[in-house]
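> My questions are about this predicted structure, shown below with the sequence.
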Amino acid sequence: MKAYFGPGGNSEAFKLAGGKSTLDAPAWLSKIGLDAYEYEAGNGIASSPAMLAAIGREAELNSIKMSFHTPYFISLSGVDPEKRLKSIKYISDSLEAARLLGAKTIVVHTGSASKITRREAMALAADTLIKTLESVDTYGIKIGLETMGKQNQLGTLEEVLELCKIDSAFVPVVDFGHMNARECGGVFKNADDYMRVFDAIDKELGAEVASNLHCHFSRIEWTAAGEKKHLTFADTVYGPDHEPLIEAIVKNSLTPTIISESAGTQSDDALTMKKYYEELRK
């Protein structure tokens with residue numbers, strides 16, 4: 001058992017190396033030493049079923065662990081019932097895409113709480129998730145609910161864990177950069193700070209979920225309202241630092257998947273994390 005590292009989407013390095021299609025990504029990632037990849041469909045699913053299946057075959061051939069990021073326009077807590085029904089369809093389409101890719105986790109944004117109370121937003125999100133399980137085939141794929149970076153969004157760790165208790169089909173996707181930006185920095189200063197997240201998940205959902213967590217990581221610029229934009233590891237004004245996270249993972253024999261969402265350098269920064277992980281395991 002080990003941790004996995006890879007990028008969210010295609011990096012600048014992939015394009016500079018001649019990569020023209022996501023079909024080329026699994027072999028390239030394996031060649032440079034990475035072992036995970038998150039297919040980004042934030043703006044909608046653009047690839048055909050045949051292409052998704054072909055990418056999935058390449059991922060299996062190159063031992064790349066796949067995940068799938070669902071469209072951003074999914075709204076679990078939308079006050080318009082029609083929009084929430086459409087969100088269920090988008091989740092269903094995402095699960096089918098993930099099945100073709102061989103992905104075991106899809107990542108879903110939990111919704112907004114800007115025009116209603118957080119409790120009202122949570123009730124709507126829970127209702128949407130319950131209706132989702134009543135009407136879709138998950139194919140055994142986990143529906144990951146992501147911690148979010150803006151304060152007017154649903155998606156504190158506590159809110160995500162509450163929603164995950166609805167059914168074992170739901171698991172948390174912890175974005176450490178989002179969590180840090182949401183609180184305007186300083187959340188993760190050392191390995192113990194990171195372990196508190198894993199321990200909280202262990203307490204609420206069990207050790208297996210906590211140990212095998214699907215995670216996003218990047219440095220993120222923030223304002224008083226939370227997340228502003230994703231940065232690279234070369235941008236050191238804003239955190240969080242990745243080293244204490246890797247130290248916590250190795251010290252506690254955790255086996256998460258860490259997806260780098262750095263701005264353009266996601267494969268480089270994923271490789272930086274993996275190399276540090278391998279150094280500490282020697």
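Perfect, I can see it now.
> Counting neighbours, which bits of stretch 127-137 end up buried?
Residues of stretch 127-137 classed as buried: 128-129, 132, 136 (neighbour count, 16 or more other Cβ atoms under 10 Å). The C-beta positions use only the backbone N, C-alpha and C, and glycine is treated the same way.
> Other residues contacting that stretch?
For stretch 127-137, contacts defined as Cβ atoms under 8 Å, 6 or more residues apart in numbering pick out 76-77, 84-85, 87-88, 91-92, 95, 143, 163, 166-167, 169-170.
> quick one: what helix or strand has A53 in it?
helix 49-61 (DSSP states H and E).
> I should have written V187 there, sorry.
Judged by DSSP H and E, V187 forms part of no helix or strand.
> what does the model give it for pLDDT?
With respect to pLDDT, V187 scores 97.
> Hmm, P240 and it touching each other?
Yes: with contact defined as Cβ atoms under 8 Å, V187 reaches P240; the gap is 6.8 Å.
> Which of the contacts of stretch 127-137 fall in strands?
143, 170 (DSSP state E).
> Which pair of the contacts of stretch 127-137 spans the longest distance?
For the contacts of stretch 127-137, the maximum inter-member distance is 19.9 Å, found between S77 and L95 (Cβ to Cβ).
> So if I had to pick from these two, which one is more boxed in?
Comparing S77 with L95 by neighbour count (other Cβ atoms under 10 Å), the higher total belongs to S77, at 26 against 22.
> helix, strand or coil for the spatially closest residue to D167 that is not a sequence neighbour?
Excluding the flanking residues, the one nearest D167 by Cβ to Cβ, 6 or more residues apart in numbering is L133, at 5.8 Å. What DSSP: H, G, I helix; E, B strand; the rest coil gives for L133 is helix.
> L133 and N252: what is the separation?
32 Å (Cβ to Cβ, to the nearest Å).
> just the helices in this protein please.
Using DSSP state H, the helices found in the chain span residues 12-16, 25-32, 49-61, 81-101, 118-135, 157-164, 176-182, 191-205, 207-211, 243-251, 266-281.
> okay, Y238: pLDDT?
So Y238 comes in at 97 (pLDDT).
> any common contacting residues for V187 and P240?
Common neighbours of V187 and P240 (Cβ under 8 Å, 6+ apart) are N180.
> Of those two, give the one with the bigger neighbour count.
Legend: neighbour count by other Cβ under 10 Å for V187 and P240, higher for P240 (23 against 18).
> if I pick that one, what's in contact with it?
So P240 contacts 176-177, 180, 187-188, 219 (Cβ under 8 Å, 6+ apart).
> neighbour-wise, which of the residues you listed leads?
Counting by other Cβ under 10 Å, top hit in the contacts of P240: G177 with 29 neighbours.
> Next one: the nearest residue to G149 once chain neighbours are set aside from K150, what distance?
Leaving out its chain neighbours, the residue that sits closest to G149 by Cβ to Cβ, 6+ apart is E227, at 2.9 Å. Relative to K150, E227 is positioned 5 Å away (Cβ to Cβ).
> who touches both of those two?
Taking Cβ under 8 Å, 6+ apart as the contact rule, E227 and K150 both touch R182.
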